[in-house]
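S.K.: no sequence on this one, just coordinates:
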């Protein structure tokens, strides 16, 4: 299954998630956001990124009809497939 989608994030950044078979990639524009230094700004950015990632993976789970596990520094989250319309 191939799927890709872009999301606008705070501070002029954009992330594009691309699923190519079983390989997930994240592309960043204009570049990887390592210049965000202020803690409040970083939290805001990370929350927006996680929301975008959850939205993308929810699409993937729904189209594929499967549950997905997301493992990151905050732990494990399960993404359930939604209802196809």
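M.R.: Nice, thanks for sending it over. All values derive from a computational prediction rather than experimental measurement. Residues are numbered from 1 along each chain as shown.
S.K.: not counting sequence-adjacent ones, nearest residue to the spatially most central residue of the chain?
M.R.: Nearest residue to the geometric centre of the chain (Cα atoms, centre = their mean): residue 53, 1.7 Å. Distances taken as Cβ to Cβ, 6 or more residues apart in numbering put residue 17 closest to residue 53, at 6.8 Å, once the chain neighbours are dropped. The way it works is simple: take the backbone N, C-alpha and C, and place the C-beta from them, glycine included.
S.K.: isn't there a strand covering residue 83?
M.R.: No. Counting by DSSP: H, G, I helix; E, B strand; the rest coil, residue 83 is not part of a strand but coil.
S.K.: contacting residues for the closest residue to it other than its chain neighbours?
M.R.: Spatially, and ignoring its direct neighbours in sequence, residue 83 is nearest to residue 62 (7.5 Å; Cβ to Cβ, 6+ apart). Residues near residue 62 by Cβ atoms under 8 Å, 6 or more residues apart in numbering: 81-84.
S.K.: give me the buried entries from these.
M.R.: Buried residues within the contacts of residue 62, defined by neighbour count using 16 or more other Cβ atoms under 10 Å: residue 81.
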